[in-house]
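Q: What follows is a predicted structure for the sequence shown.
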Amino acid sequence: MSKVLVLAEQQGGKVAKATLNAITAAKAIAQKTGGSFEIAIAGNGVDGAAAELAGYGAAAIHQLEHAALAQYTAQAYAQAFAQAAKASGATFVVATATAIGKDVTPRVAARLDAGMASDVVGIEGEGAALVYKRPMWAGNVIGKVKINTPVKVLTVRGTDFGAAAPAGGSSPISKLAAQIDAGALRMKYVGLEAVKSERPALTEASVVVSGGRGLKDASNFKLVEQLADTLGGAVGASRAIVDAGWVPNDWQVGQTGKVVAPKLYIAVGISGAIQHLAGMTGSKTIVAINKDPDAPIFSVADYGLVADLFEAVPELTRRIAARKG
Ligand SMILES: Cc1cc2nc3c(=O)[nH]c(=O)nc-3n(C[C@H](O)[C@H](O)[C@H](O)COP(=O)(O)OP(=O)(O)OC[C@H]3O[C@@H](n4cnc5c(N)ncnc54)[C@H](O)[C@@H]3O)c2cc1C
């Protein structure tokens, strides 16, 4: 019988929302393989996060505590998570493909001698022979892979596995002292320079308004920000304007930026290069504003406005603001 272990993420003792997507994937694997799922959480004083995770229907919560886990570093967390995987007898280890998930899981896989599939967007099959679907070449091809090792490690794309809802009940929590080999730690946490924003996080927002080179100049990006703020959304950008230094690089959407899947994605003055599409075609409704009727962005748009953005965007912002009263 399979046992699926979710690697939970926490920041400042609070469970990261992205963990709920890994829980959904873990439940699907447990169901397909006739097994159960458990959750591992690591940190230094994370009773609150463990208690929160206990409401999602897991068979057990493994809470690993150590002073070296007070702040995330890949080496310390990989040691703790591998310990949890061994202690629980996990046959599958699943994390969401966030910056932390992508950073820690290969190290966990190496410690478990496990094969790994990253950025999984779908799981096919039943029983022992599961097949994992993952995008390749900027999402132009979906590869199907199998993992043949006894323990299998996966990262899943949050945009393709919905957030798990609380299941009621309370999973048993086993609190363990993590065994950290301090001599093997060659990374040290120095500090976090977090970008503070009133806007929702790009990967969690239900509305994203992104701007591209059609804006002509950095000073015009405010048109995108005003529309996003009127809709209570996040702002994104094409790589062209990130590379030009108009906006911070953590606003980039696409193959080498963030993958987003909001309810509404509005692309302003973005041509729709395949590398940009790789980051936003999972959006529920896509609106494109571009003056070129042949721009590739229109091939993925649900609503396309062939217009000059300098007229259309301020008008749209004005009308939405007026409707909101
Ligand atoms: C390895 C690699 C990785 C990459 N990763 C990414 C990535 O993650 N994300 C990403 O975005 N790109 C990525 N790129 C770059 C990508 O190929 C494109 O160069 C980039 O997306 C183009 O950005 P853009 O659409 O803003 O600019 P352009 O392609 O120059 O498009 C500007 C658009 O604005 C329109 N426009 C101009 N004036 C107006 C106006 N007044 N009103 C309305 N519309 C107007 C034009 O018709 C045009 O369609 C990557 C490239 C490579 C090689």
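A: Received the coordinates, thanks. Numbers count the residues shown, from 1 in each chain.
Q: Pull the contacting residues for the spatially closest residue to Thr33 that is not a sequence neighbour.
A: Nearest residue to Thr33, sequence neighbours excluded (C-beta to C-beta, 6 or more residues apart in numbering): Ser2, at 3.9 Å. Quick note: C-beta positions are derived from backbone N, CA and C, even for glycine. With contacts defined as C-beta atoms under 8 Å, 6 or more residues apart in numbering, the neighbours of Ser2 are Ile29, Ala30, Thr33, Gly34, Gly35, Ser36, Thr91, Phe92.
Q: now Ile270
A: Ser210, Gly211, Gly212, Arg213, Gly214, Ser238, His276, Ala288, Asn290, Ile297.
Q: So which residues on the stretch 201-325 of the chain come close to the ligand?
A: Taking C-beta under 6 Å from any ligand atom as the criterion, the neighbours of the ligand within the stretch 201-325 of the chain are 212-214, 238-241, 252-257, 269-271, 273, 275-276, 279, 289-292, 295, 308-310.
Q: swap the cut-off to 8 Å and go again
A: Within the stretch 201-325 of the chain, the positions near the ligand by C-beta under 8 Å from any ligand atom are 211-216, 237-242, 252-257, 268-276, 278-279, 289-292, 295, 297, 307-310, 312.
Q: Can you tell me which of these are buried?
A: Buried subset of those (neighbour count, 16 or more other C-beta atoms under 10 Å): 211-215, 237-242, 252-255, 257, 268-273, 275-276, 278-279, 289-290, 295, 297, 309, 312.
Q: So which of those residues are in helices?
A: Taking DSSP state H, the ones among these that sit in helices are Arg239, Ala240, Ile241, Val242, Gln275, His276, Leu309, Ala312.
Q: ok, the second one - contacts?
A: This points to Ala240. Ala240 makes contact with Gly212, Arg213, according to C-beta under 8 Å, 6+ apart.
Q: The same query, at a cut-off of 6 Å, please.
A: The neighbours of Ala240, taking C-beta atoms under 6 Å, 6 or more residues apart in numbering as the test, are Arg213.
Q: Lowest average confidence across helices and strands of this structure, where is it?
A: For the chain, counting by mean pLDDT, DSSP states H and E, strand 10-11 ranks last in confidence among helices and strands (a mean of 93).
Q: Give the pairing partners of that strand; include direction for each.
A: Looking at strand 10-11 with DSSP bridges, its partner strands are strand 14-15 (antiparallel).
Q: Thr317 and Leu227 touch, don't they?
A: Yes. Counting by C-beta atoms under 6 Å, Leu227 is a contact partner of Thr317 at 4.7 Å.
Q: which two from the ones in helices among the buried ones among the residues of the stretch 201-325 of the chain next to the ligand end up farthest apart in space?
A: Spatial extent of those (C-beta to C-beta) is set by the pair Gln275 and Ala312 at 24.8 Å.
Q: on that earlier part again, so which of Thr317 and Leu227 has more stuff around it?
A: Leu227 (25 against 20; other C-beta atoms under 10 Å).
Q: and whichever residue of the stretch 1-150 of the chain sits closest to the ligand, what is it in contact with?
A: In the stretch 1-150 of the chain, the residue found nearest to the ligand is Ala138; the distance is 7.3 Å by C-beta to the nearest ligand atom. By C-beta under 6 Å, 6+ apart, the contact set of Ala138 is Gln255, Ile274, Gln275, Ala278.
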